[in-house]
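Colleague: Build me a model from this:
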Amino acid sequence: MNNIKKNDLLTLDITDMNNLGAGIAHTEEGITVFITGAVTGDRVSAKVIKVTKTYLVARLEQIITPSQYRELSPACHAPASCGGCCYRNLKYQHELEIKRDYVKSVFRKAGLPDVEIEDTRSIGQITGYRNKAQYPVRQTKNGMKAGFFATKTHDLIPADRCMLQPEIFSEIVAFVLDFAQKNGISAYDEETGRGILRHIYIREGKETGQIMLCLVINADSLSCAKDFSRAVMAAFTEITSVMLNVNKKNTNVILGDKFECIGGRDYIVDRLCGLEFMISAGSFYQVNHDAAELLYGLAAERAGMTGNEILADLYCGAGTIGLSMAEKAKMLVGIEIVPEAVECAKKNAEINGVENAYFFCGDASDTGGLLANAKKTLGDFTPDVVVIDPPRKGTTPELMDYLSDIGINKIVYISCGPDTLARDCAYFKKLGYEIGVVTPVDLFPGTGHVESVVCLTRK
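Modeller: Numbers count the residues shown, from 1 in each chain. As a prediction, this is how the structure comes out:
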């Protein structure tokens with residue numbers, strides 16, 4: 001390692017890529033080198049910018065020989081510092097292979113090398129698939145701008161549009177910025193804590209076309225709120241909900257706790273898996289509609305219900321997963337920690353005429369009281385099938401112990417974090433569960449994220 005120094009120029013062959021989109025190469029001494037922008041199969045010239053005891057980081061200087069996997073005409077034209085589409089220089093088919101390899105590698109590291117990992121499933125759409133966007137707003141020397149934060153910073157990269165989002169989102173953002181500047185609505189300043197407009201938050205119902213626009217403000221109210229809602233709804237007939245969110249805290253968290261509807265309704269409606277869903281500003285809803293249908297269909301397939309089972313949907317959010325499977329269950333019991341989402345789930349069941357679904361507040365980490373509210377209403381019961389879709393940090397040992405202790409025979413695990421999925425599967429295995437086939441699903445083309453679904457069956 002001592003003979004390689006910062007600013008040294010290396011010629012390297014890229015043999016792999018990681019889930020952050022960096023090309024991986026090795027020096028003649030076997031030292032691992034990470035190079036952002038390099039693609040598997042490239043031969044490159046790279047300048048060393050960081051030296052550690054175990055690896056190097058280098059900046060791509062020249063592509064000497066491009067890889068067969070390199071995408072020569074990327075759809076994304078944002079500055080590389082954006083960091084959102086880390087695989088934009090990679091042909092999509094190879095991206096799917098890398099994501100499968102990533103899932104395989106984390107299962108191997110978790111001591112589960114024999115678990116079968118299928119090919120990554122995809123709907124094939126790689127642009128315009130996101131139905132949700134959150135744009136930070138800042139004052140620049142060229143006026144008020146919105147865009148995205150550069151990787152690992154809060155430096156704003158102004159962005160007129162993003163290849164992952166519908167084009168109408170950029171048109172709405174431009175309208176909001178113009179209105180704000182004309183009406184004296186200042187941009188938030190992180191350093192001083194002053195200024196009003198922090199973020200522009202947009203959600204779209206892909207099947208219905210309905211759009212929710214939410215302004216995140218560093219104030220209790222907006223004096224021109226009614227004028228704004230009338231103007232933006234007149235300019236964009238797709239907007240059926242205009243919201244304010246109050247966030248006056250000095251925090252990196254985007255949304256505060258208080259929402260106010262200033263135009264239209266406080267929700268939008270979308271259709272997913274043949275059902276209609278109300279989507280509030282604070283409720284979880286998959287950002288890739290069509291890929292979510294693929295994912296939920298796989299989950300229902302793995303659950304293999306016959307109509308006689310009690311299904312428990314933990315971390316149920318607005319009820320989308322459970323309700324998509326309810327017709328195959330005798331009874332659906334949804335548990336969610338966010339009260340607003342529970343009410344949304346109840347309304348979604350009512351809208352779709354699902355009469356065998358019940359939703360309750362509960363904390364998945366509080367196993368002592370997890371099903372307490374449900375049992376007060378429904379009487380004593382034990383689920384036959386449990387579906388869990390936890391956040392990226394995965395589920396907890398307490399919940400896994402609890403599911404084992406009460407004798408759950410089948411657990412369908414939907415995961416947005418392969419590392420924590422592999423960790424949790426290893427824990428379930430120790431509890432006596434067999435790990436079924438793991439299927440990666442690409443809900444976030446162009447990025448390093450990948451979802452997975454697996455069924456765990458009690459031996």
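Colleague: C-alpha only now, for contacts and for neighbours.
Modeller: OK.
Colleague: Can you tell me, leaving aside adjacent residues, what's nearest to Asn373?
Modeller: Phe360 (6.5 Å; CA to CA, 6 or more residues apart in numbering).
Colleague: And the one you found, which helix or strand is it part of?
Modeller: Per DSSP states H and E: Phe360 is located in strand 357-361.
Colleague: What strands flank the least confident helix or strand in the chain by mean pLDDT, and is each parallel or antiparallel?
Modeller: Using mean pLDDT, DSSP states H and E, the weakest-scoring helix or strand in the chain turns out to be strand 156-158, at a mean of 83. Strand 156-158 has the following sheet partners, assigned by DSSP bridges: strand 143-149 (antiparallel).
Colleague: Would you indicate which residues of the strand it pairs with are buried?
Modeller: 144-149 (16 or more other CA atoms under 10 Å).
Colleague: and if you look at stretch 189-203?
Modeller: By 16+ other CA under 10 Å, the buried positions in stretch 189-203 come out as 189, 195-203.
Colleague: ok, now how distant is Gly264 from Met278?
Modeller: Counting by CA to CA, to the nearest Å, the separation of Gly264 from Met278 is 14 Å.
Colleague: In terms of packing, which of the two has more residues around it?
Modeller: Using other CA atoms under 10 Å as the criterion, Gly264 and Met278 rank with Met278 on top: 24 against 16.
Colleague: Specify the local secondary structure of the more buried one.
Modeller: Look at Met278: counting by DSSP: H, G, I helix; E, B strand; the rest coil, its state is strand.
Colleague: For it, list the residues it contacts.
Modeller: Met278 sits next to 267-270, 318, 344, 347-348 when contact means CA atoms under 8 Å, 6 or more residues apart in numbering.
Colleague: Tell me what it is bridged to.
Modeller: On the basis of DSSP bridges, Met278 is bridged to Val269.
Colleague: distance of it from Val342?
Modeller: Met278 is 12 Å from Val342, where distance means CA to CA.
Colleague: Overlap of the contact sets of these two?
Modeller: With CA under 8 Å, 6+ apart, Met278 and Val342 have common neighbours Ala318.
Colleague: for the biggest helix by length in the chain, packing partners?
Modeller: Using DSSP state H, we find that the single longest helix of the chain is helix 92-109. Counting contacts by 3 or more CA pairs under 8 Å, 6 or more residues apart in numbering; DSSP states H and E, helix 92-109 is packed against helix 418-430, strand 439-441.
Colleague: and with 6 Å instead?
Modeller: helix 418-430 (3 or more CA pairs under 6 Å, 6 or more residues apart in numbering; DSSP states H and E).
Colleague: All the helices of the stretch 301-450 of the chain, residue numbers only.
Modeller: 320-325, 339-351, 372-378, 397-405, 418-430 (DSSP state H, counting those that start in this stretch).
Colleague: Give me the distance between the first one and the centre of its chain.
Modeller: In this view, helix 320-325 has its centroid 18 Å away from the chain centroid, taken as CA atoms, centre = their mean, to the nearest Å.
Colleague: Show me what it is in contact with.
Modeller: With CA atoms under 6 Å, 6 or more residues apart in numbering as the test, helix 320-325 has contacts from Asp313.
Colleague: Outside of stretch 120-133 itself, list whatever touches it.
Modeller: For stretch 120-133, the surrounding residues in contact (CA under 6 Å, 6+ apart) are 96, 100, 163-166, 201-204, 287-288, 291, 440-442, 445.
Colleague: One more pass at 7 Å, please.
Modeller: Here stretch 120-133 makes contact (CA atoms under 7 Å, 6 or more residues apart in numbering) with 96-97, 99-100, 163-166, 201-206, 287-288, 291, 439-442, 445-446.
Colleague: ranges for the helices of the stretch 151-300 of the chain?
Modeller: Along the stretch 151-300 of the chain, counting by DSSP H, counting those that start in this stretch, helices occupy 167-182, 225-235, 289-303.
Colleague: just the ones you listed: most buried one?
Modeller: Highest mean neighbour count among the helices of the stretch 151-300 of the chain (mean count of other CA atoms under 10 Å): helix 289-303, with a mean of 20.
Colleague: Mind giving me the packing neighbours of that helix?
Modeller: In terms of contacts (3 or more CA pairs under 7 Å, 6 or more residues apart in numbering; DSSP states H and E), helix 289-303 is packed against strand 410-415.
Colleague: tell me what the strand it packs on is packed against?
Modeller: Helices and strands touching strand 410-415, by 3+ CA pairs under 7 Å, 6+ apart, are helix 289-303, strand 385-388, strand 451-458.
Colleague: Try it again at 10 Å.
Modeller: Strand 410-415 sits against helix 289-303, strand 310-314, strand 385-388, helix 397-405, helix 418-430, strand 433-435, strand 439-441, strand 451-458, with contacts defined as 3 or more CA pairs under 10 Å, 6 or more residues apart in numbering; DSSP states H and E.
Colleague: picking up where we left off before, tell me what angle the strand holding Phe360 forms with strand 310-314.
Modeller: With axes from the mean of the first three to the mean of the last three CA atoms, to 10 degrees applied, the angle from strand 357-361 to strand 310-314 works out at 40 degrees.
Colleague: re earlier: tabulate the helices and strands packed on strand 410-415 in TSV, adding columns for mean pLDDT and distance to Phe107.
Modeller: Formatted as TSV, these follow (pLDDT from 0 to 100; distance: least, CA to CA, whole Å):
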stretch	mean pLDDT	distance to Phe107
helix 289-303	97	19
strand 310-314	96	24
strand 385-388	98	19
helix 397-405	96	18
helix 418-430	98	5
strand 433-435	98	11
strand 439-441	98	12
strand 451-458	97	12
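Colleague: As TSV, these with distance to Gln68 would be great.
Modeller: Shown next, in TSV, are the helices and strands packed on strand 410-415 (distance: least, CA to CA, whole Å):
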stretch	distance to Gln68
helix 289-303	27
strand 310-314	44
strand 385-388	39
helix 397-405	44
helix 418-430	27
strand 433-435	36
strand 439-441	24
strand 451-458	26
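Colleague: Which one of these lies nearest to Ala22?
Modeller: Nearest of the helices and strands packed on strand 410-415 to Ala22, taken as CA to CA: helix 418-430 at 17.9 Å.
Colleague: so which of the helices of the stretch 301-450 of the chain comes closest to Pro74?
Modeller: Smallest distance to Pro74 across those (CA to CA): 26.5 Å, for helix 418-430.
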